[in-house]
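Q: Let's see this in three dimensions:
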Amino acid sequence: FAPARSVGDTWLLTALWKDLGFADAFRRVLRNKRQFDAERLLRLMVFNRLCDPESKLGLLRWLEGVRVPEVDTASVSHQHLLRTMDTLDDCADQLESTLSGLLRPLIDQTLSVVFYDLTTIRAEGTSGEETDLRQFGLSKDGGIARQVMLGVVQTADGLPIHHEVFAGNTGETATLIPTLETILARYPIERVVLVADRGLLSLDNLAALSALRVGERPLEFILAVPARRYGEFDSLLAEFQAHQCQNAEAEVTGELAWQGHRLIVAHRPDVAEAQSRERDERIAELEADAERWAGKLVGQEGGHTYRGRKLSDAGVTARFYKAVSEARLGHILKVDLGSRDFVYELDEAALARARLLDGKLLLVTNMPDHGAKDIVARYKALADIERGFRVLKSEIEIAPVYHRLPERIRAHALICFLALVLYRVMRLRLKAHDSPYSPGRALEITRRIQWHQVTLHRKQAASGLSTLTPEQEELFSALNLPTPTSNAL
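A: Numbers count the residues shown, from 1 in each chain. Sure, this is the predicted structure:
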């Protein structure tokens, strides 16, 4: 007996890859670029991200225990995988144009709500390139890190349709317009509604978005407003707060005008109460610390001694400022860094403004035919793209990036993006059939289907598949894909 090899998950992905038209379309783009079949090696790298994400060297170890339909895994080498990645970057525009053509039938041509967001992908390495994408920037996971930025556009159904890779120190607002222009060029849809998070809004972006057109129509958008940046919201929201939020027991919505657009305001009293309580408790803790340290400073001046190191005004100031900054309360508890003594003040106006904004979601939109509640509901669907980023980072393991060259980093992002497309198509099909399984669970169940080989009487070879369980057969049926057969392997 030869060691058994898993085949169910790779069969499923191969069938889906071909069903979506990826095999033939990508082969036409990649053929004659190398002396090996780059499309099938691309297929291997995409499948590996979904089945057992590994480095390119780790992929070769993964191949030792699996059988991939239509691929001669014994001939795959590390250099072939790297050369395929170089080919992907050379043909990036053609590949992405081809992919958009394959995804168009899955998109509503009359109205497409697209969600756009950015995430940071941690990168390893200390060397530098003139055009290095790995730059130090503020990570979404916290802190400063060497990273690249990944922008993803997806439909309201959760289907990813476009991605862009940016240097790790790129500002979020600078990525929105060029990405959107690419989407409009590749997808001939009649009406687009852009939904994006507050990190992407600036007044410059708002003016540029207002000028964009989709055919004869203006581009429509729903953007979250970073209300704390703009002092004008204090007077705008005061009346709404007094008349609708003060005694609210459930979520309330309203509409105001701002910068010539509709400003939708949603207020949740339970969230507002929780945010206010948490802030007040943290302020009370910080003020208690400040009072204790100030008391020790006064005591030291009077000749008292305390356990531990002697305190100084400069040391207490630095310590308190650090604690306030970590609590993100520097706009309320203002530490006087220029004073020789330890001095701070509580800004009552800033605290009142923070309480005014607690529990509120502010959205700016130019959609004329949707009510406030519908606008809020559309924006809340943006959380789905966050789940897509979690899939990229957890199940597909896009990070950390160990590649150094910009073209390899972009190729790695494309491979992971294609894996995300397959994952989301699986999710859509499973959901349409009311299947209780997630794509990850479906791959885990089908992975148990194994390929067995045996040699009889030292000369006659025989092979076959393990018998499919009803659960496995039901999964293939829900995904509208054929079940594995020995003859096809």
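
Q: which residues in the stretch 101-250 of the chain form helices?
A: Using DSSP state H, counting those that start in this stretch, the helices of the stretch 101-250 of the chain run over 173-186, 203-211, 233-240.

Q: rank these by mean pLDDT and give me the bottom one.
A: Mean pLDDT is lowest for helix 203-211 among those, at a mean of 78.

Q: who's in contact with that helix?
A: By CB atoms under 8 Å, 6 or more residues apart in numbering, the surrounding residues in contact with helix 203-211 are 173, 176-177, 180, 194, 218-219, 221, 223, 259, 261, 364, 366. Glycine gets a C-beta too; all of them are placed from N, C-alpha and C.

Q: What residues of that helix count as buried?
A: By neighbour count with 16 or more other CB atoms under 10 Å, helix 203-211 contains the buried residues 205-206, 208-209.

Q: which of those sit farthest apart?
A: Within those, L206 and A208 form the most distant pair, 7.4 Å apart (CB to CB).

Q: So which residues of the stretch 1-150 of the chain form strands?
A: Using DSSP state E, counting those that start in this stretch, the strands found in the stretch 1-150 of the chain span residues 5-6, 112-122, 135-138, 144-155.

Q: would you list these in JSON lines and tack on mean pLDDT, mean neighbour count and distance to E287?
A: Output for the strands of the stretch 1-150 of the chain, formatted as JSON lines (pLDDT from 0 to 100; neighbours: other CB atoms under 10 Å; distance: least, CB to CB, whole Å):
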{"stretch": "strand 5-6", "mean pLDDT": "90", "mean neighbour count": "20", "distance to E287": "60"}
{"stretch": "strand 112-122", "mean pLDDT": "83", "mean neighbour count": "22", "distance to E287": "34"}
{"stretch": "strand 135-138", "mean pLDDT": "88", "mean neighbour count": "16", "distance to E287": "29"}
{"stretch": "strand 144-155", "mean pLDDT": "89", "mean neighbour count": "21", "distance to E287": "29"}
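
Q: for these, which one sits closest to A462?
A: Closest to A462 of these is strand 5-6 (CB to CB; 14.9 Å).

Q: Residues in contact with that closest one: which ones?
A: With CB under 8 Å, 6+ apart, strand 5-6 has contacts from 65-67, 447-451.

Q: If we only consider the contacts of helix 203-211, which is nearest to T120?
A: Ranked by distance to T120 (CB to CB), the contacts of helix 203-211 are led by T173 at 15.3 Å.

Q: out of the strands of the stretch 1-150 of the chain, nearest to D93?
A: Proximity to D93 (CB to CB) singles out strand 144-155 among those, at 16.6 Å.

Q: if we can go back for a sec, filter the contacts of strand 5-6 down to just the buried residues.
A: Here, 16+ other CB under 10 Å leaves 66-67, 447, 449-451 buried among the contacts of strand 5-6.

Q: Serialize the residues you listed to CSV and add fields for distance to G137.
A: Supplementary listing: the buried ones among the contacts of strand 5-6 in CSV, determined by distance: CB to CB, whole Å:
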residue, distance to G137
V66, 37
R67, 42
R447, 37
I449, 44
Q450, 45
W451, 46
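
Q: thinking again about what came up before, mind giving me TSV with the helices of the stretch 101-250 of the chain and columns for distance to S75?
A: Below are those laid out as TSV (distance: least, CB to CB, whole Å):
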stretch	distance to S75
helix 173-186	35
helix 203-211	50
helix 233-240	63
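
Q: Tell me which of these sits nearest to A399.
A: So among the helices of the stretch 101-250 of the chain, helix 173-186 is nearest, using CB to CB, at 18.4 Å.

Q: Outside of that closest one itself, list whatever touches it.
A: Outside helix 173-186, the residues touching it (CB under 8 Å, 6+ apart) are 96-97, 100, 114, 116, 118, 149, 151, 153, 161-162, 164, 166, 192, 194, 196, 199-202, 204-205, 208-209, 212, 214, 219.

Q: How about stretch 443-460?
A: Here stretch 443-460 has contacts from 1-2, 4-9, 11-13, 50-51, 67, 437, 461-466, 468-469, 471-472, 475-476, 484, 489, using CB under 8 Å, 6+ apart.

Q: again, only using 7 Å
A: Contacts with stretch 443-460, where a contact means CB atoms under 7 Å, 6 or more residues apart in numbering, come from 1-2, 4-9, 12, 50-51, 67, 461-466, 468, 471-472, 475, 484, 489.

Q: what does stretch 215-228 give?
A: Taking CB under 7 Å, 6+ apart as the rule, stretch 215-228 contacts 190-198, 200-201, 209, 212-213, 233, 357, 361-367, 375, 378-379.

Q: middle-most residue in this protein, spatially?
A: Residue closest to the mean C-alpha point of the chain, counted by CA atoms, centre = their mean, is F389 at 2.8 Å.

Q: I'd like to know which of the contacts of stretch 215-228 are buried.
A: 191-198, 200-201, 209, 212, 233, 357, 361-367, 375, 378-379.

Q: so of those, which ones are in strands?
A: Among the buried ones among the contacts of stretch 215-228, the residues falling in strands (DSSP state E) are 192-196, 361-365.

Q: What is the nearest of the residues you listed to A349?
A: L362 (19.7 Å).

Q: Roughly how far does the closest one sit from R229?
A: Distance, L362 to R229, using CB to CB, to the nearest Å: 11 Å.

Q: what do you get for I449?
A: The value you get for I449 to R229, if CB to CB is used, is 54 Å.
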